[in-house]
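Engineer: Structure of the sequence below:
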Amino acid sequence: MKLPVDGVQAFVLIAELGSYRRASESLGLTQTALTRRIQKLEGFLGAVLLDRTTRTVRLSAVGCEFLPLATRLIADFTHDVERLRTTSRLGIGDVTVATVQSIAFRRMPAVLQTYARDHPQNRVQILERSGALVTEAVRKGEADFGIHIQQEADADLVEDRLVRDPFVLICHRSHPLAGRRALRWTDLSGTDLVTLGGASGNRARVEAQLAAVDLPPRGRFVVESTPTALALVSAGIGAAILPAALRSASARDNLVEILLTEPAIYRTISLVRRRNTSLTPAASLFYEALKSELSSGFDGSGLREDLHRAAVLR
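Structural biologist: A predicted model of the protein is given here:
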């Protein structure tokens, strides 16, 4: 038999008000229902707590001993419930999100800046992972949710598609190809390429496409992360094949992006979370902020225009 908290609450209120009638009115109960609560509590304790006549009610000896404990129990319970309600209403709490590095490096900071301003009490942990490792972090509960490269449907996970990015060549403005609006994959012959290795979710698609046009599937420079690839390109070392999600930052880094065509290939970025598992209020707010910002932050319109012009020229 579990401690009947509603009976403890009723007992404390009767002791405070000195009346079954006033206590039942305060709780919105009939006196019969209130009496059942007290009887259930007394049955749990194995002792009489209230001595009641037709006119008066007073604490028994056990009731006098139990009252301080019961008062603390109800005060602590009420405090904790109110704290949880406040936490839920204000979205207070810690959040852990796993993400591919390209999103963490370029697109998440703006969302995080706004979230941190609106929720100063919250702590956010970002797990930078490659490819399928983001998915595994979510599946194992290491992260509340993740941002990954969309994969085949998984019965244990729910995905919300954010954006579909074409692949581009990113090079320094001084690079010989920097003036081109679009490039065929075959045009990359003779170019020192920077490609991603390791567990990158983009690796297989890029290597397969390079091999399809009889180019070495791995570039001259193979790195593990997007920031490293961009650092090399910014220093004038090669040109990197990366998703176009980085477009907004290229100008200030003295870099340009050139759409790769014939064929244009894409990667789709999605939010991912565990199915049938509710997000905490804090995580839910961050999830919705990312969903709103990232799905609208890049619409590919400039690159679609480049693709159209490239088709017209050919």
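Engineer: alpha carbons only for contacts and neighbour counts from here, please
Structural biologist: Fine.
Engineer: model confidence over the longest strand seen in the chain, on average?
Structural biologist: Secondary structure of the chain per DSSP state E: the longest strand is strand 157-172. In this model, strand 157-172 carries a mean pLDDT of 91.
Engineer: in it, what counts as buried?
Structural biologist: 157-159, 161-172 (16 or more other C-alpha atoms under 10 Å).
Engineer: Likewise for stretch 26-42?
Structural biologist: Buried residues in stretch 26-42 (16+ other C-alpha under 10 Å): 34-35, 37-42.
Engineer: Let me see the mean pLDDT of it.
Structural biologist: Mean pLDDT, computed over stretch 26-42, is 94.
Engineer: cool, and stretch 97-108?
Structural biologist: 81.
Engineer: Likewise for stretch 200-208?
Structural biologist: On average, stretch 200-208 scores 81.
Engineer: where does the stretch 1-150 of the chain dip in pLDDT?
Structural biologist: 1 (pLDDT under 70).
Engineer: What is the burial count for G198?
Structural biologist: 12 (other C-alpha atoms under 10 Å).
Engineer: And for S88?
Structural biologist: 14.
Engineer: Could you double-check that it sits in contact with P281?
Structural biologist: Yes. If you go by C-alpha atoms under 8 Å, S88 and P281 touch, sitting 5.5 Å apart.
Engineer: which helices and strands does the helix ranked longest in the chain pack with?
Structural biologist: Taking DSSP state H as the criterion, the chain has its longest helix at helix 61-90. Under the contact criterion of 3 or more C-alpha pairs under 8 Å, 6 or more residues apart in numbering; DSSP states H and E, helix 61-90 touches helix 5-17, helix 281-297.
Engineer: CSV for the ones you listed, including mean neighbour count?
Structural biologist: Formatted as CSV, the helices and strands packed on helix 61-90 follow (neighbours: other C-alpha atoms under 10 Å):
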stretch, mean neighbour count
helix 5-17, 19
helix 281-297, 18
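Engineer: ok, the nearest residue to F286 once chain neighbours are set aside to L279 distance?
Structural biologist: Of all residues not flanking F286 in the chain, Y115 sits nearest, at 6.9 Å (C-alpha to C-alpha, 6 or more residues apart in numbering). Separation of Y115 from L279 (C-alpha to C-alpha, to the nearest Å): 16 Å.
Engineer: Compare the two (neighbour count), which wins?
Structural biologist: Between Y115 and L279, Y115 has the larger neighbour count (other C-alpha under 10 Å), namely 18 against 15.
Engineer: how near is the more buried one to P109?
Structural biologist: 10 Å.
Engineer: for A61, same thing?
Structural biologist: 63 Å.
Engineer: So what are the sheet partners of the helix or strand hosting H148 and their directions?
Structural biologist: Taking DSSP states H and E as the criterion, H148 maps to strand 145-149. According to DSSP bridges, strand 145-149 forms sheet pairs with strand 95-100 (parallel), strand 266-274 (antiparallel).
Engineer: what angle do that strand and helix 281-297 make?
Structural biologist: Orientation note: strand 145-149 sits at an angle of 30 degrees relative to helix 281-297 (axes from the mean of the first three to the mean of the last three C-alpha atoms, to 10 degrees).
Engineer: can you list contacts of strand 145-149?
Structural biologist: For strand 145-149, the external contacting residues (C-alpha atoms under 8 Å, 6 or more residues apart in numbering) are 96-100, 103, 131-132, 134-135, 137-138, 201, 267-274, 287.
Engineer: Equivalent analysis for stretch 124-138, please.
Structural biologist: 94-101, 104, 143-149, 199-202, 272-274.
Engineer: ok, of these, which come out buried?
Structural biologist: 95-101, 104, 143-149, 200-202, 272-274.
Engineer: JSON lines for the helices and strands packed on helix 61-90, including distance to G190?
Structural biologist: Converted to JSON lines, the helices and strands packed on helix 61-90 look like this (distance: least, C-alpha to C-alpha, whole Å):
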{"stretch": "helix 5-17", "distance to G190": "77"}
{"stretch": "helix 281-297", "distance to G190": "34"}
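Engineer: That'll do, ta.
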